[in-house]
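Student: Next come a sequence and a model predicted from it.
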Amino acid sequence: MSKASEEFFKRELHLLENEAEKADNDYYKEHNEYPNPTALSLQKKVTHNVMQLHSLFDGQQHDNMSASYTIEVFDKLVHFTPLTPLTGNDGEWKPLKDNIEYNIRFPTVTRTDKDNSTAIIHDGIIFCEPDSTDFITDETYSVVKIEFPFVKFERKLIQLNHKIKDKSISEQLETHDYKELN
């Protein structure tokens, strides 16, 4: 990292602040009041935090390889993604209720009767409706059976072609009325 990288960060974050200010002004024009909190106040906080992270990261004197690896590991950890495969070993499980256990390293994975062959990930498939940024899981259609060692921590994202109130998830899956986003 260098003075040039700091300038790059500041320039890009400033552009986000400009967009946030425009969003606030657009909101004001539509509602005759500013949102609370404002997009700009949130962006300024994020800008401050990112610049602190830049300063800390810069002080660690990474080369390209260690910088990339550090970012990769940090990204996984802040998203609560395990760094190594789940093994299914008994030490990874804690009781949830009745005869169901959850995996302490990735809690959306459960098993029944201490039997790894029953292991599932509850949010293996995530849905979104058209023109939406909201993500939806479904008790039936988001559940995916898994095997150990388990390494596929990324969820399948499916964008539905219709709103659920107009056409159910099951109907859209049956008629292939969706598109996979990843």
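Tutor: Looks like it came in fine.
Student: Next, residue 30: secondary structure please.
Tutor: Using DSSP: H, G, I helix; E, B strand; the rest coil, the secondary structure recorded for residue 30 is helix.
Student: go on, residue 127?
Tutor: Classification of residue 127 using three-state DSSP returns strand.
Student: Need the nearest residue in space to it, chain neighbours excluded.
Tutor: The shortest distance from residue 127 to any residue that is not its chain neighbour, by C-beta to C-beta, 6 or more residues apart in numbering, is 4.6 Å, and that residue is residue 136. (Each C-beta comes from the backbone N, C-alpha and C, glycine too.)
Student: Tell me both backbone torsions, phi and psi, for the one you found.
Tutor: Here the main-chain torsion angles of residue 136 (degrees, to the nearest 10) amount to phi -130, psi 140.
Student: go on, residue 158?
Tutor: For residue 158, the backbone dihedrals are phi -120, psi 120 (criterion: degrees, to the nearest 10).
Student: That one and residue 146, how far apart?
Tutor: 18 Å (C-beta to C-beta, to the nearest Å).
Student: Tell me, how many residues neighbour the nearest residue in space to residue 140 that is not next to it in sequence?
Tutor: In this structure, residue 140 finds its nearest non-sequential neighbour in residue 170, 7.6 Å apart by C-beta to C-beta, 6+ apart. Residue 170 sits with 11 neighbouring residues when counted by other C-beta atoms under 10 Å.
Student: One more: residue 7?
Tutor: Residue 7 sits with 10 neighbouring residues when counted by other C-beta under 10 Å.
Student: That one - that's part of a helix, no?
Tutor: Yes: secondary structure of residue 7, determined by three-state DSSP: located in a helix.
Student: Got the confidence number for it?
Tutor: Predicted confidence (pLDDT) for residue 7: 93.
Student: Just the CA coordinates for the longest strand belonging to the chain, please, in PDB.
Tutor: Secondary structure of the chain per DSSP state E: the longest strand is strand 115-121. What follows is the C-alpha trace of strand 115-121 in PDB, where atoms were taken according to Å, rounded to 0.1, in the frame of the first residue of the first chain:
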ATOM      1  CA  ASP A 115     -25.900 -39.600  11.800                       C
ATOM      2  CA  ASN A 116     -23.800 -37.700   9.200                       C
ATOM      3  CA  SER A 117     -25.900 -39.200   6.400                       C
ATOM      4  CA  THR A 118     -28.800 -37.100   7.500                       C
ATOM      5  CA  ALA A 119     -26.800 -33.800   7.400                       C
ATOM      6  CA  ILE A 120     -28.400 -30.900   5.600                       C
ATOM      7  CA  ILE A 121     -27.700 -27.200   5.000                       C
END
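Student: How far away from the center of its chain is it?
Tutor: For strand 115-121, the separation from the chain centroid amounts to 23 Å (computed by C-alpha atoms, centre = their mean, to the nearest Å).
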